[in-house]
Each structure stands twice: as C-alpha cells, then as structure tokens.
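K.L.:
Make a model of this:
(chains A, B, C and D)
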Number of protein chains: 4
Amino acid sequence: MSEKIGRIVLDRFESEALRGNPHGDPHVRTIPVYLPPSYDGSNERYPVIYWCHGFAQTALWGVNGSPGIPSLPMCMDRIIAEGAPETILVMVDAHTRFGGSLYLNSPANGQYEDYIIGELIPYIDRTYRTKQERDHRGVDGKSSGGYGALALAMRHPESFSAVASHSGDIYFEAAYRPLFWEFLNQVHRAGGVERFLERYLALPKRYDGAYIAALSMCFSPNPNRPPYYFDLPVDITTGELIPDVWARWTALDPVFMAESHAGALRSMRLIYLDCGNHDQYYLHFGARLLSRKLTRLGIKHEHDEYEDDHLYVNYRYVESLSRIAAVIA
Amino acid sequence: MSEKIGRIVLDRFESEALRGNPHGDPHVRTIPVYLPPSYDGSNERYPVIYWCHGFAQTALWGVNGSPGIPSLPMCMDRIIAEGAPETILVMVDAHTRFGGSLYLNSPANGQYEDYIIGELIPYIDRTYRTKQERDHRGVDGKSSGGYGALALAMRHPESFSAVASHSGDIYFEAAYRPLFWEFLNQVHRAGGVERFLERYLALPKRYDGAYIAALSMCFSPNPNRPPYYFDLPVDITTGELIPDVWARWTALDPVFMAESHAGALRSMRLIYLDCGNHDQYYLHFGARLLSRKLTRLGIKHEHDEYEDDHLYVNYRYVESLSRIAAVIA
Amino acid sequence: MSEKIGRIVLDRFESEALRGNPHGDPHVRTIPVYLPPSYDGSNERYPVIYWCHGFAQTALWGVNGSPGIPSLPMCMDRIIAEGAPETILVMVDAHTRFGGSLYLNSPANGQYEDYIIGELIPYIDRTYRTKQERDHRGVDGKSSGGYGALALAMRHPESFSAVASHSGDIYFEAAYRPLFWEFLNQVHRAGGVERFLERYLALPKRYDGAYIAALSMCFSPNPNRPPYYFDLPVDITTGELIPDVWARWTALDPVFMAESHAGALRSMRLIYLDCGNHDQYYLHFGARLLSRKLTRLGIKHEHDEYEDDHLYVNYRYVESLSRIAAVIA
Amino acid sequence: MSEKIGRIVLDRFESEALRGNPHGDPHVRTIPVYLPPSYDGSNERYPVIYWCHGFAQTALWGVNGSPGIPSLPMCMDRIIAEGAPETILVMVDAHTRFGGSLYLNSPANGQYEDYIIGELIPYIDRTYRTKQERDHRGVDGKSSGGYGALALAMRHPESFSAVASHSGDIYFEAAYRPLFWEFLNQVHRAGGVERFLERYLALPKRYDGAYIAALSMCFSPNPNRPPYYFDLPVDITTGELIPDVWARWTALDPVFMAESHAGALRSMRLIYLDCGNHDQYYLHFGARLLSRKLTRLGIKHEHDEYEDDHLYVNYRYVESLSRIAAVIA
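P.N.:
Now for the predicted structure:
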C-alpha cells in the first residue's frame, strides 16, 4: 500500500464523572482515536477534532464503514490525502441505555458534559501528542451529535474554537414535536411511561425506541421523580404541551441558545452547518432557522443544504472535517 | 330477497351559493340520498341525517362499499334491520379542486356552509317527505367530514339537534401541525406555493397532495392574495408558525370552538365522538381533548376509542347512525 | 349546466347462477349502468361496454370519483364530450367475501362467468336499448378486472369484439408469486389456512387481506376440500411450489391463455393493454410479456406503458373507453 | 472494572489472492480480531471462530455495537463470562464495491474463497496462538455472511468443523427472486444494466442498491462480458427466468448444495441455523427448507425460529457463538 493511512486506537477510558450514574451505564467507555499517518513517525504535536456520534450509537459507530459509506477514519485519510493538515480525531462516547445523553449533564443520565470537558480532553492531551489550546481543538458531529457539537462549543468556548454540525438536532419544534404523538401511542399501549420504559429495557434489541423519553432525561430531568427522573413536556393523554416543561427544552434548543450564547459563537473561528433537504427529522428547517438567527446576530458561519435525507450521509463529513482541520492546524 | 333494503337516489343539485366560486368548481353536485325501506310504500315523513364525506372525497364516496367495508346505505340498511327508526340519509358534497371546503364558507373556496344550510336542506325538505324541524335532523361525518359535522352543528344549532364525528379533524396541533413539514418540502422543491399549486393542478391524478394549502383556504383565506386567496400559517423557509394566522386556524378548531359555542353544544340531544387509538393523523388525541373540554363545560356526550387506525373504519358508522336515528326519530 | 352528461342507474340484478353459491355471497347485485347523454331523449340503440372492477371492490366502486380521480361515468362523459360515440357502460359486480371471483366460474366461489355471460348480458339487452351483436360489445377493466376483461374476451369471443386491460393481472409469476411469502407468514401465525380464513372473516374490516387464498379459490378450486374448497399452490411451511397446482394457475394466466385462445384474440377488433411502469404488483412486466407473445402470434394489439404506479390511475381509462367506443359503435 | 473483557486488534491484512481483482477493490483489508480475556496473560493456544459479515458491510461492522445491539466482541465477552471456553473471533472482510462477494471465488469479483482459506487462515494461525486443526475452527455469520459460513463449511470441511448461520441467504427462490422486479425497474429507468451500474458507482452513498447485480457477479459470472463480467438470470424487459443462468444460481443455493455436499455437512460437529419468523427477505422459509433437507439426509443439526425480523438481531449471536465455542474448544 503506497497511500498513507492513519491508525485507529481503541482506548478504554475510565470516567470518574460517569461512575455511579443513575442508569448504571458503564463508566468505562471505548474511545476510538484516529492518529494521522505521520503520527507514529514523528515527535510533532497535533490538533484534535472531537466527534460526537448520533442517537442510539456509541463511539465505535465511527469506525464502521465501507467504500460506499466511509467511516470517520476513512474520511480523515481522504482529507489528509487531499492536503488537509494532519489532525487527530477522537470519537467521544455519550451513549446511555435509553439511547444518548446529548452530551449534557443531567441528574437523570449522568455528568456527560463534565466527563468530556473535564476528563476526556485532559486524558487525550496527556496520552497523545496534542496541541492543547482551544485554538487547536474543534468539535463536530452528526444528528444528536451535531447537537452535541453545537452545545459543547456554545457552553465551552474555552475548550473549542471551531464547531460543525451535520444534520444536527436544531429547532426542537420541527425535530422533536412531530415524534411525540407516536411515542404517546406507545406509552398509552404500555399503560404509562414507567411501564413503557420497563418494557423497553426488557426488549432483546433496543435502538431508538425510547427516543422521546431519553430526550426528556436530557432536557427536562427531575431528580424528584424516580425511577427515571424526568418530566415529559406533554400531557400523556391529550398530547398538549406543558408550557413550563417545554420551556426547559427550548432553552437548550440551539436556535434559542444562539442568542444566550452569542459571545461564545462569535469567538468561533469556524461554524459550519449542513443538512439534507429532505431530512426525515426535518432538521433542514432547523439549520435554516439557526443560520437565519446567526445572520441576524452578525455571526459568521457557513450553511450548506444538499439533496439528500438524514441517513448514511457520511460522504458529507469531509466537508466539515477538512474545514475544521484547516482552521485549527 | 326477503330482507328490506333502502333505495339510493342520485340527485343532481344546483347551488346558487356555489355558482361562480373562485376555483371554478362545479355548482351542480351529485347528492346521493338514501330512502329507507318503507319510504316508497308510505306517506310518512322521515327524519334526516346529513353525512359529511372526508377530504379528497365527494359525496359519491358514501355509496361505494363492499361487505367487508360497508357503504353508508349498507350501514343504514343494517341499523334499520336491527330496529333503528327508518331515517333518510343525505350525502352532502363539499369537494373542491384542492380537496375539500371543510363545510365552511370561505372567500378562497366558496360558500359551502351557505349552500348546505341555506339551499341543500330546504331542497331536501321540499323534495322528500321529511320531518322539517331541527329535532328531526342530525349531522354526521368522518375525518374532515367529522369536522364538518361538528362545525355545522356548533354554528347551526337551529338546523341540527344531534351530531357525531368519526375520526374527526379535532385539535389542529396534532392533526395538522405534523403535516406542515413535508408540505413545505414540496413547496420548496416546486419553488414556492403558487408554483406548487399550479403543478398540483396539472397532475393527472390528484388526491390529497395539496392538503395543507386546501386547509389554509378554509381556515385562513385572504381575499387580497390572488390567485389562490389564502395565507399560510407558517414561514415557508423555516416552518415557524405565524401566530396571527395560526390563531385564525385555532379559532376554528373544535377544541376551541367548544368553548365559544358551548350553548349550541348544550342544545344537542346527542354528541357522539369516536376515533381509533392509532389514527395516522393522531385524531384520537383531539377526540380525547374535546371530550375532556366538554366534560369540563358540563356538556353531555359520548366518547369511544377503539383498536384501529384511520382507514376504512366504515364498520364504526353504525354506532353513530343508530344513535342519531334513535334521538331524531 | 350546458354540458351534456349521462345518467347513472343503480340496478339491482338477481342472478340464478349465483344463488346458493358456496360462500353465501349475495345473488342480488347492484349493477350501476351509465346511460349516455342522448339516451333518454332518443329511440336509438347503443353499443355497450362492460367494466370489470378490481379486487376487493364491488361494481359501485366505479361511480365513486372526484375531479382529481374521475369515476367511470365522468370518464364516459368526457370521451363523449370529446367526440366518442355515445355508449352505454355497465359496471359488472363480481365481488366475493374473500375479495373477488376474477370473473371465472369456480366450485369454491360460484358461477361468475355464467352469471355475466348467460344472465347479465341478456338482462342488459332486454332492459336497455342496446345493440345486441358481439360487434357492438366490448369488455374493459382494471387490475383483477383487467384480468377479467381479458379472460372473458378470450373465453367468449361470441360475446365481445373488443377488449382492454388497465394494469391487469398478467404473468402470475410477477403478479402473484412475490405475495405468497407474506401470506404464508400470516397463515403460519394463525396456525393454518383454515384458521387464518376464519379469523379473516371475523375482522371488522376486510379489504384484500385474504388475497392469495381468494386467488386459489379462483385458479385451483378443489370441491373435495371443505370448508373453503381450494388447493394452495405452495407448501405452507417452506413456500415451495406444488407443481401440479401451480400448473392450474398458469393455465389461466393471460400470458399462457394467449396461445390457447389465439383464435379468439385474433377475432378481436381491438386489444388494448396498458400499465404504469412502476406498478407495485409488477404488472407492467406482464403487460410487456403478453404484448411480446401477441406480437409473436401475429395478433394486432396496442400496448402503452406510462410513468405511474398501480393506484388511482382512473385518468387512463379514457384511453381504453374511447378506443373501444370507436370500434363497437 | 472487575469483569474480564477481551481485546480488539485491528489488523491490516494484505492479500495476494485479491491483488488486481477486477473491480479494483482493495487487496488490503482491515481484519478485526477479538482476543479473549486470558489471551494476553497466557501462553495457551486458542480455538478460532471466523465471522462472515452481511451484504454491504465490511468486517468493521462487527465491532460496532451498543448495549442494546451488542457488537461481536460484546457477544464474545458475554458468552465467556457465562462459561464458554475462551475463543478467538476473526472478522473476515469480503466487501466489494457492489456490496459483497458472498465469500466465493468469482472472475467478476476476485478470489475471495482463496483469500480466506488459503491466506487469511494461515495468517491468523501464524500471527496468534491458535489451535490449528479443523476441529478447533468454526465459521459463523449473518445474512449473506450466514450464506458465506455455510458455503465455506460445505466446500472446505478440511478447514472447519462447526458452522452456524443466522438469518442466512438460503433458498434463493424466496430470498432473491422477489427482489428482481424492483431491480429491473431501476435498470429500465437507467437504460440498461451497465448504465445502472455506472450510475450506482457515481452515487455519493452506496449501500445495497446494486444487490441483484452483485449477486449475479457471485453466482453467474461471465468472464466474456465486460465491463462487469456477469450474466443476469432474467430477461431485463419481462423478468422471465433464463433457465440455464438461474441453474447456476441454484447450484450454489445451500438448499441444493446440502445434497451435493452432504459428506462435508455430515463431518461437522455442529450445524446451527436460526432465523426470525418474519424476516423481510423471507429467509425463514429457507432455514425451514434446509432443515427439512438435512433431516431427510439424516444430518444432525439445530434449527431455531424466533419472533423477530431480519434487522439488528445481534442478540441472537450468543446462541451460535456459545455452541461453536463449546464444540471447538
């Protein structure tokens, strides 16, 4: 093989922040790390991109791929072959038994934000030859991971200077609201939220079947409501919004966070958003709305919309990875 | 044949109210009338149920059926065979080229409410041996026709004393909001609402593809906006609600009309609602919510929920038809 | 109304051939008859087209329609307005409780072919002012009714001189074979064919859920196998074809009948086939194959393929109706 | 972490057999190897299971997973924790640019069987501490990989003594025939097979869109037909089977190979088959048929059918892995 390719390391990372989390999810996570082609033969330090996986996935999802649906390491190999600066890619893991933490701290899920910012980044910086300033760190992701990238960048501008979101969960009115009805049907059939979740956990295969409940654990946790510690933002019989609970969701919607975190966004050297124009979760509406809000706030960013849907859009990742690699080099 | 069955007449009814309507839809409509078994051999007068068809249908839909999916005449034959009072059933037609008028007057569609209340009922009363007081008249329907029945009863208690809705369009937040996103995708692809509707009209087959536009013509018409005379309640790029337009929709939502028309509802001798518990349009949430509101208002009604979805629920029609026939006899 | 339109009569026709049929299906059928615009004001005799409805439908399906999905009478009005000879259209009814007879005699279903050829045609000829020779009679239909039209024309050239099939059931290998697997899943779940059919009959709504069983009643009836009197052409556990039973099916496949009934086909003054190019039942493959066979047999015919699927293709009916009307005038 | 877990190694394996393959697919493959918990701390030799991935996947698919959809290493950790003998698992890669080689040699795809049997197994045996006799080697897989496992075991009893297939491609009549029609629709739309494949290769995302063509490259390659070197087993216009080409497919169908390779199957110490009872590809019919054939041949095997479909059935893998691990220890 003449082409230069990077190396994948599968680290097992032990988190104190996640130890004893309410779900009993593992506090040890497999963290795939992509080391660029020149890494092993040099003493250089490298910039780092953190990648946030989507809902129902774990970090290992990122290494799975094929020539037709390239994995993240394949994307990195390609952009570097095409001239991008050599960059480390760290695949963060934020899976929970209900599908995902959205990269936030929550009394229902555990301290995922603390684990990433306070533990994983330092671990990477002491384990690999990294450039350790925010200027050399970016965060990227897809779907719920696009949300995660935006939320982490907005809340931690001290850690990241570039952010990208592919088909990210933006504008919850479009992304999540339409999904409540079918969720309530299932809750109704199960005889209540708790029984629905008990049954869910007993299923032999669990993918995204508890999506709305998992989101509620992220956006409207309630430490006083065992055993799952969250409030639903809707009346389970009629589906009517419960305004004060929904307000807790919208406060964490990137469309609204853009205003409350405008300073952080302004400090980014790159903000990149894209989405397919017939995304099944209607996330293109959110990308458009966030872009419009950023424009109104005078915040520089790039927004692409392309002909595709939500699934298997891995070929788009080179767009963000190459842009981030260029600015954090 | 020993069993007694009714007779179907296909009247062609010419409406002055619909003449010259903005779409150029026909002002002559085929109105199927079911005359009960004893009608031809008697001189009696009969009570009348008006039936409102669903979206994208015409009144003739009501006569189509099979043993497995009974037509309205088959349902009438059956309830009468089982002891219900002999009753005339009139199948109202409120089709428009975009799919339906929802039985309302609208500067975008034409004066469908006027045509039904002011023309069709008098025509039926002078053409057939009917009992002509409100106490002997009921209104019923399915889906958009369930909406029509509720709206006509609430707005015209002088005409009807019993109302039923099967899987009716109730609680627009559940019934219509989730459909906006895909509609906007199509509008976007077509390059705007007008071009979308032009293309729609040019299709060789047209069923419910212009649903959201058609609803806008019913709920938020705008006489100052040619050529189709309506306002959309959302921003076509981002899907954000336009509050004052959406307020015009909700004012016509049965869930909210129940309060503004509580007196009319209280005057009904029968209010019957049902819906399948996994209706694809989430109409069971609206039925539950309307039932809850009626209960709070102290308005007597019956609310059934059953194991099924939105499609082909003709077997449920005997529930409302027999109840209405009993109270308007 | 200045435009001339025809009149719809809903005849109730009592069949001796269907009396006492094995399913206990009604021997009295509603037969809609379209009388062309000039009929009532003239003493002329008119040619007649017989229309065969699709599976799970009854004859009344033909009168249901809208401007966007025209009914058969609307199609007739239109072709006559555009210059086609005035023609009567008779909507045949061949529904069974399992969905349809395919217009064949069968010990499992009843004598549907006899009823149409031996009773219904004579009834129409003595009830209406018809031209009574084969030269003035055509047969047309869609889907299973397209099959019916072809089968009736091939088996009864003494009755018809023109035939058309829209999206007709042709080439059972493509049309039916792929549907066996899901049917067997359901049979397996029910615990056998009989129990599956018992449960089917107990459903509150029955459309096409017993399709493969119904076809078996048409193509491989077995008078010695009560209570439903048919052989399945497959092993119910493995789905393997049972060759001698399947041979009975293929003998009735138009693709093979074309050879055994080439003389009848040659006597037709019009053979018209069309099908959408992405028909969900893959019927376009059958139309192509039948056309190829007819060409090889030197039998003149017309074959159209158009951009559409199997559903709501009513706008195509003017193609066959106008062609038949022209040759049987 | 107190629980003992294995280690994943991502080997890059260079194959001479695949070098210069007709598609230009890589001859270097990433081969994930699971080393059991005690491996690193011992000098023991271990038995080996080879795992065959499904269509459109690569070997890396096997390491992707979550608590709800366990990866292969997670399955191995679990069976070992529950007492299964410690065993190495090698994830074979047999991806091609059209989706998969089905683990066969083919002039259209390359020498995948040679690469596995002649190169990969020796490489594993010289790289890791393995037990190197057939008695200590098993082969397993899912979907197309279930096919691969069966084909490799039947053709190479000198290499394997235990075989399992989860939802394997068995009985091509059920598994593949129903898929031809939609494939032909796409070929028709593209204007021929070659143009279809050209367009396919130009797509930004490629998963299983060329399935039938890929299978033809495996089962009916034709070295004389550039540029893709295969014969389709059907007429592309009518879908009629081309008997002599289809005979080449069926000769490679496990249902028929069972007879031609009965000796090899008899030499297996374990044959395990399972499939969900509503597999979307109807593979449960094939599992039943193969089981019936094996029984008729007097070949001992185990056949399970369970309540599920084709997707995400990873939780089933412990059934085969634990059984194989037990017999090859």
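K.L.:
Check A:Tyr306 and give its pLDDT.
P.N.:
Note for A:Tyr306: predicted pLDDT of 98.
K.L.:
Show the contacting residues for it.
P.N.:
A:Tyr306 sits next to A:274-277, A:316 when contact means C-beta atoms under 8 Å, 6 or more residues apart in numbering or on different chains. All C-beta spots, glycine's among them, are computed from the backbone N, C-alpha and C.
K.L.:
Can you tell me which of those residues are buried?
P.N.:
Among these, the ones that count as buried by 16 or more other C-beta atoms under 10 Å in any protein chain shown are A:274-276, A:316.
K.L.:
ok, A:Asn178 touching B:Phe180?
P.N.:
Not Asn; residue A:178 is Pro. No: A:Pro178 lies out of contact with B:Phe180 (C-beta atoms under 8 Å); the separation is 9.2 Å.
K.L.:
Can you name the residues of the stretch 151-300 of chain A that neighbour chain B?
P.N.:
A:171, A:173-174, A:177-178, A:181, A:184-185, A:188, A:237-240, A:277-278, A:282, A:285, A:288-289, A:292 (C-beta under 8 Å from any C-beta of the partner chain).
K.L.:
In helices only, show me the residues you listed.
P.N.:
Residues of those located in helices (DSSP state H): A:173-174, A:177-178, A:181, A:184-185, A:188, A:285, A:288-289, A:292.
K.L.:
May I have the predicted confidence score for the most centrally placed residue in chain A?
P.N.:
Nearest residue to the geometric centre of chain A (C-alpha atoms, centre = their mean): A:Gly145, 1.8 Å. pLDDT for A:Gly145: 98.
K.L.:
related to what we said a few turns ago, and which of the buried ones among the contacts of A:Tyr306 is nearest B:Gly99?
P.N.:
Using C-beta to C-beta, A:Gly276 comes nearest to B:Gly99 of these, at 28.8 Å.
K.L.:
Which residue, other than its chain neighbours, is closest to the closest one?
P.N.:
Leaving out its chain neighbours, the residue that sits closest to A:Gly276 by C-beta to C-beta, 6 or more residues apart in numbering or on different chains is A:Asp308, at 3.6 Å.
K.L.:
Other residues contacting stretch A:124-135?
P.N.:
In contact with stretch A:124-135 (C-beta under 8 Å, 6+ apart) are residues A:11, A:33, A:35, A:39, A:43-48, A:88, A:90, A:136-137, A:157-161, A:269, A:328.
K.L.:
Quick one: end-to-end distance for it.
P.N.:
Taking C-alpha to C-alpha, to the nearest Å, stretch A:124-135 runs 16 Å from one end to the other.
K.L.:
so for that stretch, what's the average pLDDT?
P.N.:
Regarding stretch A:124-135, the rounded mean pLDDT is 98.
K.L.:
mind checking how far it is from the chain centre?
P.N.:
Centroid separation for stretch A:124-135 versus its chain: 21 Å, with C-alpha atoms, centre = their mean, to the nearest Å.
K.L.:
Can you point out the buried residues in it?
P.N.:
Applying a neighbour-count criterion of 16+ other C-beta under 10 Å, one finds A:124, A:128, A:130-132, A:134 buried in stretch A:124-135.
K.L.:
TSV for these, including distance to A:Leu201?
P.N.:
Below are the buried residues of stretch A:124-135 laid out as TSV (distance: C-beta to C-beta, whole Å):
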residue	distance to A:Leu201
A:Ile124	32
A:Tyr128	36
A:Thr130	38
A:Lys131	42
A:Gln132	40
A:Arg134	39
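K.L.:
Widest-spaced pair of those residues?
P.N.:
The distance between the two most remote of these (C-beta to C-beta) is 16.9 Å, for A:Tyr128 and A:Arg134.
K.L.:
ok, so of the buried ones among the contacts of A:Tyr306, who is nearest chain C?
P.N.:
Nearest to chain C among those: A:Gly276, at 23.4 Å, using C-beta to the nearest C-beta.
K.L.:
Low-confidence stretches in chain A?
P.N.:
Filtered on pLDDT under 70, chain A yields the residue ranges A:1-2.
K.L.:
show me where the stretch 1-150 of chain A has strands.
P.N.:
A:7-14, A:28-35, A:48-52, A:88-92, A:105-106, A:110-111, A:137-141 (DSSP state E, counting those that start in this stretch).
K.L.:
Of all those, which one comes closest to chain B?
P.N.:
Per C-beta to the nearest C-beta, nearest to chain B of the strands of the stretch 1-150 of chain A: strand A:137-141, 22.1 Å.
K.L.:
So what touches the closest one?
P.N.:
Residues from elsewhere that reach strand A:137-141, judged by C-beta under 8 Å, 6+ apart: A:47-54, A:121, A:131, A:147-149, A:152-153, A:159-166, A:168, A:270, A:317, A:320-321, A:324-325, A:327-328.
K.L.:
Just the ones of the residues you listed in helices?
P.N.:
The helices, defined by DSSP H, take in A:121, A:147-149, A:152-153, A:317, A:320-321, A:324-325, A:327-328 from these.
K.L.:
Switch those residues over to CSV; also include neighbour count.
P.N.:
Formatted as CSV, the ones in helices among the contacts of strand A:137-141 follow (neighbours: other C-beta atoms under 10 Å in any protein chain shown):
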residue, neighbour count
A:Ile121, 21
A:Tyr147, 31
A:Gly148, 33
A:Ala149, 32
A:Leu152, 24
A:Ala153, 29
A:Tyr317, 25
A:Ser320, 30
A:Leu321, 25
A:Ile324, 30
A:Ala325, 24
A:Val327, 17
A:Ile328, 24
